[in-house]
Each structure stands twice: as structure tokens, then as C-alpha cells.
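*Asks:* please work out how this folds:
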Amino acid sequence: MTYDIIFSGFGGQGALFAGQLLAYAAMDAGRFVTWIPSYGPEMRGGTAHCTVIISEEEIGSPLVRNPSTVIALNNPSAEKYEPLLATNGYLFYNSSLVSHPFTRRNIHALAIPGSTAAAELGHAKLLNMVLLGAMLAYVPVLPLEAVEQALDNHIPARRRELLEANKLALRKGIELAQRAVQIPA
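*Replies:* Below is the predicted model:
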């Protein structure tokens, strides 16, 4: 099985870290992985994104035109990726910030109040983990335990104080996804 996922948000929302963490978790689990971040002017408040492909077989190309899964942390990301999402794909969006009116009915769009949940957990920087957890509830790319182990193994030293909070945020995301409002495909 191959999974292609795009993480997208404003620079500083943690889209690149969430994608990198998932890539590390998949590598640690023995899967083939590509992780392609987008840098440049996006780092200054524009839309930053990364593409992650995880497969049990070698990956032929790291490029994805129509991703099967998108995590949109902000409105510009939701607007950009809704039309590109594959039919029956999953769009997990931060309903705390996204007001984009979704028009496609052949996708699964799940409203996750990520910014609100992150604030309730005590730190805005947990938004990315809330949405990653939500994705894990619907897209069986890896078990939660594998992602938590990747946090233990790969979180940068400067962010170690947020290790347990990140794990709580992943679990909160799963909980929110299980009761999320979904636009049916």
C-alpha cells in the first residue's frame, strides 16, 4: 500500500515538522519514504508545505499531483488543495482557522478544531500534532505508537520539553477525528 500526504499551513505552524515526523516513523518501521519540503518565501508567513510518500515498495517518483490525503492548517492551504485532492481522498482541516466553503462532494473533508485544541493543551505549536493524530484515526498509514516512538527518537533537543505534550496532542487529534463533522464523499 502507498500513501501520499500533503501537509500545508503558514510558516511556523509545524506542517514541515509533522511531515518529517511521519517520514521518520515510516523509515523506522522499515517502509520506503520520500519527504519533500517547500522552503523559500513561504517561511515568512506564506503557505509552507511538504509532501510525504510512504510505501511498502520502492517509490518511483516523489511528485504527487493528486494526493490521497491533505492536512490543511490554514485557509490558503484548504483552498489550494481541495481541487487537487484525489476522488475519495481525505482532507483534514483546521476548522479553528479555515472558513473555506468546500464544494466537492467526492472527498472526505473532516473539520478538526486544531488551533482550539492546541490552545486547550497549553501551546499553539501543538496544532500540527493534533491534525496528524486526526489523520491517523482515518488513514492507516502507521499505528499511533510508531509515531510516538518517532517523537522519542527524533524530536530536536530544543523541543524536548514538548515531547509529552506532542503525544497528548496526537491522542487529542484522534479523539477529535472520531467525532468530527464530515462532508460525505
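*Asks:* what's the helix or strand hosting Gly9 packed up against?
*Replies:* Here Gly9 is covered by strand 2-10, with elements defined by DSSP states H and E. Judged by 3 or more C-beta pairs under 8 Å, 6 or more residues apart in numbering; DSSP states H and E, strand 2-10 is in contact with helix 15-28, strand 47-55, strand 69-72, helix 75-81, helix 127-138. In this view, the C-beta of every residue, glycine as well, is placed from N, C-alpha and C.
*Asks:* rerun at 6 Å
*Replies:* Here strand 2-10 touches helix 15-28, strand 47-55, strand 69-72, going by 3 or more C-beta pairs under 6 Å, 6 or more residues apart in numbering; DSSP states H and E.
*Asks:* can I get the ones you listed in CSV including distance to Leu127 and mean neighbour count?
*Replies:* Listed next are the helices and strands packed on strand 2-10 as CSV, based on distance: least, C-beta to C-beta, whole Å; neighbours: other C-beta atoms under 10 Å:
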stretch, distance to Leu127, mean neighbour count
helix 15-28, 9, 23
strand 47-55, 13, 22
strand 69-72, 10, 28
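*Asks:* low-confidence stretches in this protein?
*Replies:* For the chain, applying pLDDT under 70 flags the ranges 39-46, 181-185.
*Asks:* scan it for its longest helix.
*Replies:* helix 163-178 (DSSP state H).
*Asks:* for that one, C-alpha coordinates in CSV please.
*Replies:* C-alpha atoms of helix 163-178 as CSV (Å, rounded to 0.1, in the frame of the first residue of the first chain):
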residue,chain,number,x,y,z
LEU,A,163,7.6,15.7,23.9
GLU,A,164,4.8,14.6,26.2
ALA,A,165,2.6,17.5,25.1
ASN,A,166,3.1,16.4,21.5
LYS,A,167,2.0,12.8,22.4
LEU,A,168,-1.1,14.2,24.1
ALA,A,169,-1.9,16.3,21.0
LEU,A,170,-1.7,13.3,18.8
ARG,A,171,-4.2,11.4,21.0
LYS,A,172,-6.4,14.5,21.2
GLY,A,173,-6.4,14.6,17.4
ILE,A,174,-7.6,11.0,17.2
GLU,A,175,-10.3,11.8,19.7
LEU,A,176,-11.5,14.8,17.7
ALA,A,177,-11.4,12.9,14.4
GLN,A,178,-13.6,10.2,15.8
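*Asks:* return the set of buried residues in it.
*Replies:* Buried residues in helix 163-178, counting neighbours by 16 or more other C-beta atoms under 10 Å, are found at Ala165, Asn166, Lys167, Leu168, Ala169, Leu170, Lys172, Gly173, Ile174, Leu176, Ala177.
*Asks:* out of those residues, which is nearest to Ile112?
*Replies:* Leu176 (5.1 Å; C-beta to C-beta).
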